[in-house]
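S.K.: Fold the following.
(one chain, ligands or ions: 1)
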Amino acid sequence: MKNKIDNNIKLYEDYPYLKEHITRVEEAVVNDGKYYVRLTETIFFPEGGGQYADTGCIKVLDKDNNETETEYKVINSIIIDGKIYEELSINHINEDSFKKEDSFKEIFNNQTTVKCILDWDKRFSRMQNHSGEHILTGVIHNKYGFDNVGFHLSDDSPVTMDLNGFLNDDELKEMERQANEAIYANLKIHAVYPEEDEAESIDFRSKIEISDQIRLIQIGEDDNILDMCACCAPHVSNTGEIGIIKIITADKYKSGIRIGILCGKRAIEYIQKQSEIINDITVLLSAKQEKISEGIKALQKEISNYKEKNIKLITEIIDAQIEKSDNEKCIFIHFDIDAIAMKNTYNKMSMKHDGYVGVFVGDDENGYRFNAGNQSGGSKILAEKMRCDLDAKGGGSDEMIQGKINQKEEEIRSFFLNVE
Ligand SMILES: [Zn+2]
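M.R.: Predicted coordinates for the structure are as follows:
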């Protein structure tokens, strides 16, 4: 089994720590308004296997190998017909699109020498997270036999893996602990390239990914191999560089589970943010960190007590209004009450008065919600009258109607004085 293949194009495979590299342009292509160069060899990983393409920049060198003024951003790296192309942002070279194409081809003509510079922070973070994913799915696979059937390495949300089996919270916690143990053990990570006949006898994950040349990422060595998985991406060389593997989310997904993780620098940033939030909460609650849940429960209880008192007070206020409504069959409530309180008020008004009664909640500016009618029947006739005279909207049963009205209190009161 080879530890390295003589691949002088995909440098990111065997030299994942190569941040800069001087090479030549083999081809400059313009396609669909996009500008690509194909390099003799590249340090930019092209999008694939759930991981986005590397970014960075390219600087053109003059004949004495000195860097020229302008740098061109590498915004994407893609594989077309088995060849890797770097997409460049060349907005600054010429306004005119025809001239731009000419200028582009002139700058990147055959064999132009260029210096490639990788956006290293982004790449290293992806290496930490991708290697971390291999470890976690590796320990889960070893214990439960589940496979990762969907992997997505995003830069702004947790890295997700879909497993074809379910784990409960305790099991996940134990797997997270074991994955971090593998970090403390600082195991070696490297790529191996088995011959076709050798590959058949090796037990490795993600057999679906295999193309022509099998590339396996091996974690651990000799009789202490933690994981072996087919993969095309660059990885860190030792598990210790991952720093930490933290499970952030776990949701049922299809017949298995979707786990979201963060590793290394991104995990630390996440934990720092969480600490800030927890600290803010402890200040707001004036409670110690371990007493946060109790503090929130006490607040909830307090709110529920206030709600109860509030309902009692509102009922008293409304009852007093009903009591005073001797001559008028409608009452106006200028604070918000819920549908149940409105219905109760309507029932009480109906008990006090014969004929049509109305309960209006709101104000002149924003209009009123209402319950109205006669519990003995005829409410639908009232609905029709209110529609004609007051432009009210709504409907209901013959015992009660409800709706919305945009009229002044005075207008509504005078309507109810005269309606029969
Ligand atoms: Zn992988």
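
S.K.: For the least confident helix or strand in the chain by mean pLDDT, could you pull out the residues that count as buried?
M.R.: For the chain, the helix or strand with the lowest mean confidence is helix 196-201, at a mean of 80 (criterion: mean pLDDT, DSSP states H and E). Neighbour counts using 16 or more other Cβ atoms under 10 Å place residue 199 of helix 196-201 among the buried residues. C-beta coordinates here come from the backbone N, C-alpha and C atoms, glycine included.

S.K.: counting contacts, what elements does that helix pack onto?
M.R.: With contacts defined as 3 or more Cβ pairs under 8 Å, 6 or more residues apart in numbering; DSSP states H and E, there are no secondary structure elements packing on helix 196-201.

S.K.: Return the mean pLDDT over the following helix or strand past that helix, rounded to an integer.
M.R.: Once the chain leaves helix 196-201, the next helix or strand it forms, by DSSP states H and E, is strand 216-221. Mean pLDDT, computed over strand 216-221, is 96.

S.K.: And the contacts of strand 216-221?
M.R.: By Cβ atoms under 8 Å, 6 or more residues apart in numbering, the surrounding residues in contact with strand 216-221 are 131, 134-135, 138, 182, 187-194, 202, 204, 225-231, 235, 239.

S.K.: Now the biggest strand by length in the chain: buried residues?
M.R.: Longest strand of the chain, by residue count under DSSP state E: strand 67-80. With burial defined by 16+ other Cβ under 10 Å, the residues of strand 67-80 counted as buried are 71, 72, 73, 74, 76, 77, 78.

S.K.: give the contact list for residue 114.
M.R.: Applying Cβ under 8 Å, 6+ apart, we find residue 114 in contact with 22, 23, 24, 25, 37, 39, 58, 59, 60, 61, 108.

S.K.: out of those, which are buried?
M.R.: Applying a neighbour-count criterion of 16+ other Cβ under 10 Å, the buried members of the contacts of residue 114 are 23, 25, 37, 39, 58, 59, 60, 108.

S.K.: Out of the residues you listed, the closest to residue 351 would be?
M.R.: Lowest distance from residue 351 to the buried ones among the contacts of residue 114 (Cβ to Cβ) belongs to residue 58, with 84.4 Å.

S.K.: Next, work out how far apart that closest one and residue 49 are.
M.R.: From residue 58 across to residue 49, the span is 24 Å (Cβ to Cβ, to the nearest Å).

S.K.: Likewise for residue 167?
M.R.: The value you get for residue 167 to residue 49, if Cβ to Cβ is used, is 23 Å.

S.K.: Settle it for me: which of these two has more neighbours?
M.R.: The neighbour comparison of residue 167 against residue 49 (other Cβ atoms under 10 Å) goes to residue 167, with 19 against 14.

S.K.: got the phi/psi numbers for the residue nearest in space to the middle of the chain?
M.R.: Closest to where the C-alpha atoms of the chain average out (Cα atoms, centre = their mean) is residue 157, at 5.3 Å. With angles defined as degrees, to the nearest 10, residue 157 sits at phi -140, psi 170.

S.K.: mind giving me the domain split of the protein?
M.R.: Using automatic domain parsing, the domains assigned to the chain come out as 11-118, 123-276, 307-418.

S.K.: how long is the shortest one end to end?
M.R.: For domain 11-118, the first-to-last residue distance is 12 Å (Cα to Cα, to the nearest Å).

S.K.: per-residue confidence averaged over that domain?
M.R.: The predicted model assigns domain 11-118 a mean pLDDT of 91.

S.K.: ok, which stretches of the stretch 51-200 of the chain are helices?
M.R.: Remark: helices assigned in the stretch 51-200 of the chain by DSSP state H, counting those that start in this stretch are 97-107, 120-144, 169-184, 196-201.

S.K.: Any chance of a markdown table for the ones you listed, columns distance to residue 322?
M.R.: Formatted as a markdown table, the entries for these read as follows, by distance: least, Cβ to Cβ, whole Å:
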| stretch | distance to residue 322 |
| --- | --- |
| helix 97-107 | 77 |
| helix 120-144 | 65 |
| helix 169-184 | 53 |
| helix 196-201 | 85 |
